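Participant: need a 3D model of the following:
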Amino acid sequence: MLKILLVVLLVLLAACASAAAVLATPWFVALAVPLVLLALVAAHDLVQRRHSILRNYPLLGHLRFALEALRPEIQQYFIERNFDGRPFDRDTRSIVYERAKGTDAEEPFGTELDLYRPGSEYLTPSMAPRAVRTDPPRVRIGGPDCTRPYDMALLNVSAMSFGSLSANAVLALNAGAQLGRFAHDTGEGGLSEYHLRPGGDLVWEIGTGYFGCRTDEGGFDERQFAQKAAHEQVKCVSLKVSQGAKPGIGGVLPGAKVNAEIAKVRGVPQGKTVVSPPFHRVYATPRELVRFLARMRELSDGKPVGFKLCVGSRREFLAVCKAMLEEGTTPDFIIVDGAEGGTGAAPLEFADHVGLPLGEGLMTVHNALVGAGLRERIRIGASGKVATGSDLVKRLLQGADYTNAARAMMFAVGCIQAQRCHTNTCPVGVATQDERRARALDVGDKAQRVRRFQEATVKSALQIMAAMGVDEPSGLRPHQLVQRVDPHTVRSYAELHEWLTPGQLLAPGQLLASAPEGWASDWRAADPDRFTH
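Facilitator: Predicted coordinates for the structure are as follows:
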């Protein structure tokens, strides 16, 4: 009752002020207009039924919503320390920005990290460091069934689709890849002119929607695939089995976002909602997956073919290894995407609770391939929060041959971690289809930043490796990465984790018992003709 009387009083005051304004000076007008507006807002707050807080606290309740909207910016700019922001802390973002701009990414006075915190890791330096390599090594992608191998850089642009990113962002990333001679993964959104125009090397990713090689019914179109895979810039083809930030679910592209350009790139009707299912139509068993990968390599005229996954069940992946052995063919590469990887949008429950983090996923895939005697035929890529030279070296130690970065590359083209990727209101024109916002991103300048960031990060990794006494990535060993397990104890990765020997899972009968019990049990249970936990 009191609130109603208050609003009535405001309305009467506003009415009086308005009447006085007609007869008095402009000062009364300046007072009357805000009072009228406040009275109307308060009246609306009292009668609306959507927000309880506004019904109980008219006018004042809006302050709560304003503070809530500003909370991320207040947190990022005024509260969080240099090393505790999420998903990327300020120190990491600063390193990327500085390297992209070509300025010194160095800090004075020592680390701000608590090195005695359980879980902290460090790389072991050598008493006999080496000279830093001036020629960054490259990784040959292409197994015995591949006739057109590709030499991959140690750090590349990870999967991000046109549609999720603006045209200018895609142009800048690909132009940077062309300048720096590294690869650019297209993401599952199709092969657009913005990927092709600058001339950078491409890894064409095919997802469950088969965008760009899709039949009218949503299936895989071999003719379209072969035609587009023949592009000279397409160096590898990747089948996306699952994505780190949201493994096991598909996606929905609302019809309102399917403009003429995106419809053409993805091969879908303009203005109609497009659903990407959580599963593939081209396979239902490990054996069918392996056969389809071989078919993709045949259709692409011998180019390297692989698949990307967020690891879940070790037994399922071992089933794929068994299928490779029985079919006598393997993919040329496997990209392991960590659960900490990025996405334009995902359910929070999936981002937080589904799938293995990158380190565990890498070690699972690496050891499975080693134990099955397949590691020499297949290269492993790692994606998921790779942003610095130390990140790169750690992933190589955990089993990767090369790495991919998405969000770090976004930082290089101007991303400020506003976390509005799904709203089409990216303030710097990276993750938006709003042309007005996207025009702020200068392609020429940002392409150079992408090149400089990749070059400086690989150089940093080579410097770290040299400090560890290593010339080649192949010289890195698990004992060179150490983790603090409690305030008084440290253990190397060689001690903390199980590492299989080549062909160990293939030992007959009782000899398989030489493998760790969990691995041996999963290997026996793995079935190449079905996916099962």
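Participant: hey, let's count contacts and neighbours off CA atoms from now on
Facilitator: Will do.
Participant: from the contact counts, what lies against the longest helix belonging to the chain?
Facilitator: As assigned by DSSP state H, the longest helix anywhere in the chain is helix 443-467. In terms of contacts (3 or more Cα pairs under 8 Å, 6 or more residues apart in numbering; DSSP states H and E), helix 443-467 is packed against helix 90-101, strand 155-157, helix 167-180, helix 389-397, helix 407-412.
Participant: between the third one and helix 443-467, how big is the angle?
Facilitator: Think helix 167-180. 50 degrees (axes from the mean of the first three to the mean of the last three Cα atoms, to 10 degrees).
Participant: could you give the mean pLDDT of helix 167-180?
Facilitator: Helix 167-180 shows a mean pLDDT of 96.
Participant: which one of the helices and strands packed on helix 443-467 lies nearest to residue 497?
Facilitator: Taking Cα to Cα, helix 389-397 is the member of the helices and strands packed on helix 443-467 nearest to residue 497, at 12.3 Å.
Participant: what is the mean pLDDT for that closest one?
Facilitator: Mean pLDDT, computed over helix 389-397, is 96.
Participant: helix or strand right after that helix?
Facilitator: Downstream of helix 389-397, the first helix or strand assigned by DSSP states H and E is strand 402-405.
Participant: so residue 330 sits in a strand?
Facilitator: No: secondary structure assignment (DSSP: H, G, I helix; E, B strand; the rest coil) places residue 330 in coil, not in a strand.
Participant: how many neighbours does it have?
Facilitator: Residue 330: 24 surrounding residues under other Cα atoms under 10 Å.
Participant: then residue 309?
Facilitator: The number of residues packed near residue 309 is 21, by other Cα under 10 Å.
Participant: again, but for the one 10 residues further on
Facilitator: A count of nearby residues for residue 319, using other Cα under 10 Å, gives 26.
Participant: and for the one 4 residues further on?
Facilitator: Other residues near residue 323 number 25, with proximity taken as other Cα under 10 Å.
Participant: what is the helix or strand it falls within packed up against?
Facilitator: Using DSSP H and E, residue 323 falls within helix 314-327. Judged by 3+ Cα pairs under 8 Å, 6+ apart, helix 314-327 is in contact with helix 286-299, helix 358-371, helix 517-525.
Participant: and the most centrally placed residue in the chain, what is it in contact with?
Facilitator: Geometric centre of the chain, nearest residue: residue 342, 3.3 Å, by Cα atoms, centre = their mean. Each residue near residue 342 by Cα atoms under 8 Å, 6 or more residues apart in numbering is listed here: 244-245, 384-385, 406-407.
Participant: closest to residue 103 out of those residues?
Facilitator: residue 407 (20.0 Å).
Participant: burial measure for that closest one, as a count.
Facilitator: 25.
Participant: again with the one 5 residues further on
Facilitator: When neighbours are counted by other Cα under 10 Å, residue 412 registers 29.
Participant: now do the one 4 residues further on
Facilitator: By the measure other Cα under 10 Å, the count of residues near residue 416 is 15.
Participant: contacts only, for it.
Facilitator: Residues counted as contacts of residue 416 (Cα under 8 Å, 6+ apart) are residue 428.
Participant: which of the residues in stretch 130-144 are buried?
Facilitator: 130, 132, 137-138, 141-143 (16 or more other Cα atoms under 10 Å).
Participant: do me a favour and get the end-to-end distance for that stretch?
Facilitator: Distance across stretch 130-144, first residue to last, is 34 Å (Cα to Cα, to the nearest Å).
Participant: quick one: contacts of it?
Facilitator: When contacts are defined by Cα under 8 Å, 6+ apart, stretch 130-144 is touched by residues 148-154, 303-304, 330-333, 377-379, 401-402, 458-459, 462-463, 466-472.
Participant: pLDDT on that stretch, on average?
Facilitator: Averaging pLDDT along stretch 130-144 gives 95.
Participant: before we move on, what about stretch 285-296?
Facilitator: Mean predicted confidence for stretch 285-296 is 98.
Participant: now do that stretch: everything it contacts.
Facilitator: For stretch 285-296, contacts defined as Cα under 8 Å, 6+ apart pick out 237, 239, 282-283, 305-306, 319-320, 323-324, 327, 329-331, 528-531.
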